[in-house]
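Participant: what shape does this take:
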Amino acid sequence: MSMQLVLLFVIFCNIPSVIVCQDNSDEEMSYSFEPEERFLDIFPLSSDNFTDSVMKSPDAWIVIFHSGQLKKSWKSMAVNLRGVVWVGMVDTRYETDLLKRMNYKVNHDPESRVYPHGPTSIKKKSWVNAKNPNEARMLAVDSIPDSSLRIKGKGLQEFLVDCFMSKPTRFPLILITDEKDTPVLYRAVSYRFKKYFNAARIVKPTLDDYTALGMEDSFFDTPLLFVLLPEVKDKGSKATTQDMGFSAVMFETKKMGDLNYPNILRFLFGVNNSYRHILPGENQSNDQEVAEMLDIVRLESKRFEIEEPHPIPKTENDDNSVKFTMTKTTHGDVHDEL
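Facilitator: Residues are numbered from 1 along each chain as shown. Reported below is the predicted structural model:
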């Protein structure tokens, strides 16, 4: 029996988007950031938290050194990398012990240092100094691995088998894109959620790809992000992927906002909360750690205020949503460098 996918559209209603500041004005124009946005994405680092926050983290970190003032270009970079890379700052006036441990020389070494993605051993031997935000961003982003799988329509069934044979069962997360290289945002999301979502990319889709997905009669803008949900046709027998129909929960930009990290985070938490129990195999929906993705909650709560997720609405009249707001990590002693 050939596998056919029937797409159902889930409407997201009244979900506020997270505003990402985009500003290309001169360094002096740092007042263009709203007060609540300043330092929102930059974490103060000290001797007490540096090892646990940076060195023991598998994620890439950009560490900025300052003496009470910070260029707006660093703030712009941090906002641009929100959720993708962690950004911290060290006050060189007070953290002399930490600077000695880091072998950082004030007035000699560059303004920042990049600790690449990987374990402590990699961070200890592969950190790199960076002279400016562009260099720091490039070094940090390039270190993020790509755990997504590039597939074509004909490889869809094998991909789904891999999803449903995982323990716990993983949702099939698919990005349709015209970009040959995996977007850094998708690399970050794929790695962060790989325990719960199996990420794939269909690049420059052909008509055959759309046909395999059951999307040949519809038009979609790219990039398009969605999660496939199984629907067993014959509930009286043990289901295989060939016995299943599939619906799709779409990331609807008109309702969810821009395709950025906080909005994708909200989307994936909503999907897991609403649909994990219907996944075949060992979905572990009765395990609180898996059902609520508590390991990710513990991590992301350091930079977002995470409210208890509500089921994703299935009709336009249902305005429940998973809400994420930014945690304010303002550092009042650091001023704009004019």
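
Participant: tell me who's in contact with Met293.
Facilitator: Each residue near Met293 by Cβ atoms under 8 Å, 6 or more residues apart in numbering is listed here: Phe193, Lys195, Tyr196, Phe269, Asn272. Bear in mind the C-beta positions are built from the backbone N, C-alpha and C, glycine included.

Participant: what's the pLDDT at Asn320?
Facilitator: Here, the pLDDT recorded for Asn320 equals 36.

Participant: between the contacts of Met293, which is nearest Asp217?
Facilitator: Distances from Asp217 to those, taken as Cβ to Cβ, are shortest for Asn272 (29.6 Å).

Participant: give the helix, strand or coil label for the closest one.
Facilitator: Here Asn272 is helix, with the state taken from DSSP: H, G, I helix; E, B strand; the rest coil.

Participant: isn't Ala140 up against Asp59?
Facilitator: No - judged on Cβ atoms under 8 Å, Ala140 makes no contact with Asp59 at a distance of 9.2 Å.

Participant: with neighbour numbers in mind, choose between those two.
Facilitator: Ala140 (27 against 20; other Cβ atoms under 10 Å).

Participant: pLDDT averaged over the helix or strand hosting the more buried one - what is it?
Facilitator: Taking DSSP states H and E as the criterion, the element that holds Ala140 is helix 133-142. The average pLDDT within helix 133-142 is 97.

Participant: same check on stretch 75-87?
Facilitator: 93.

Participant: now do the end-to-end distance for it.
Facilitator: Its first and final residues considered, stretch 75-87 spans 10 Å by Cα to Cα, to the nearest Å.

Participant: all helices for the stretch 101-250 of the chain, in order.
Facilitator: Along the stretch 101-250 of the chain, the segments classed as helices by DSSP state H, counting those that start in this stretch run 120-126, 133-142, 156-165, 184-192, 207-213.

Participant: okay, buried residues for the helix holding Ala140 please.
Facilitator: Using 16 or more other Cβ atoms under 10 Å as the test for burial, helix 133-142 gives Pro133, Glu135, Ala136, Arg137, Leu139, Ala140, Val141.

Participant: please report how far the first one lies from Tyr104.
Facilitator: If you measure Pro133 against Tyr104 using Cβ to Cβ, to the nearest Å, the figure is 18 Å.

Participant: picking up where we left off before, need the residues touching each of Ala140 and Asp59.
Facilitator: Common neighbours of Ala140 and Asp59 (Cβ under 8 Å, 6+ apart) are Val85, His117.

Participant: hang on, the earlier thing: alpha carbons of the helix holding Ala140, as PDB, please.
Facilitator: The C-alpha trace of helix 133-142 is given here as PDB (Å, rounded to 0.1, in the frame of the first residue of the first chain):
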ATOM      1  CA  PRO A 133      30.700  41.000  16.700                       C
ATOM      2  CA  ASN A 134      30.800  39.700  13.100                       C
ATOM      3  CA  GLU A 135      33.900  37.500  13.700                       C
ATOM      4  CA  ALA A 136      32.500  36.300  17.000                       C
ATOM      5  CA  ARG A 137      29.100  35.400  15.400                       C
ATOM      6  CA  MET A 138      30.800  33.600  12.500                       C
ATOM      7  CA  LEU A 139      33.000  31.500  14.800                       C
ATOM      8  CA  ALA A 140      30.200  30.600  17.200                       C
ATOM      9  CA  VAL A 141      27.700  29.700  14.500                       C
ATOM     10  CA  ASP A 142      30.100  27.700  12.400                       C
END
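
Participant: which strands or helices does that helix pack on?
Facilitator: strand 61-66, helix 72-80, strand 112-115, strand 128-130 (3 or more Cβ pairs under 8 Å, 6 or more residues apart in numbering; DSSP states H and E).

Participant: so it versus helix 184-192, what angle?
Facilitator: Calculated by axes from the mean of the first three to the mean of the last three Cα atoms, to 10 degrees, helix 133-142 forms an angle of 40 degrees with helix 184-192.

Participant: quick one, helix 133-142 and strand 61-66 angle?
Facilitator: 160 degrees.

Participant: ok, the contacts of Met293 vs Pro223, which is closest?
Facilitator: Distances from Pro223 to those, taken by Cβ to Cβ, are shortest for Phe193, at 17.0 Å.

Participant: now do the same contact list for that closest one.
Facilitator: Contacts of Phe193 (Cβ under 8 Å, 6+ apart): Leu173, Ala199, Leu268, Met293, Ile296.

Participant: state the helix or strand in which the third one lies.
Facilitator: Here Leu268 sits within helix 261-275, counting by DSSP H and E.

Participant: give me the mean pLDDT for stretch 222-240.
Facilitator: 73.

Participant: nearest to Phe219 among the buried residues of helix 133-142?
Facilitator: Val141 (31.8 Å).

Participant: the residue lying closest to Val141 once chain neighbours are set aside: neighbouring residues, count only.
Facilitator: Counting by Cβ to Cβ, 6 or more residues apart in numbering, Val141 lies nearest to Val184, which is 4.9 Å off, once chain neighbours are set aside. Neighbouring residues of Val184 were enumerated by other Cβ under 10 Å; the total is 17.
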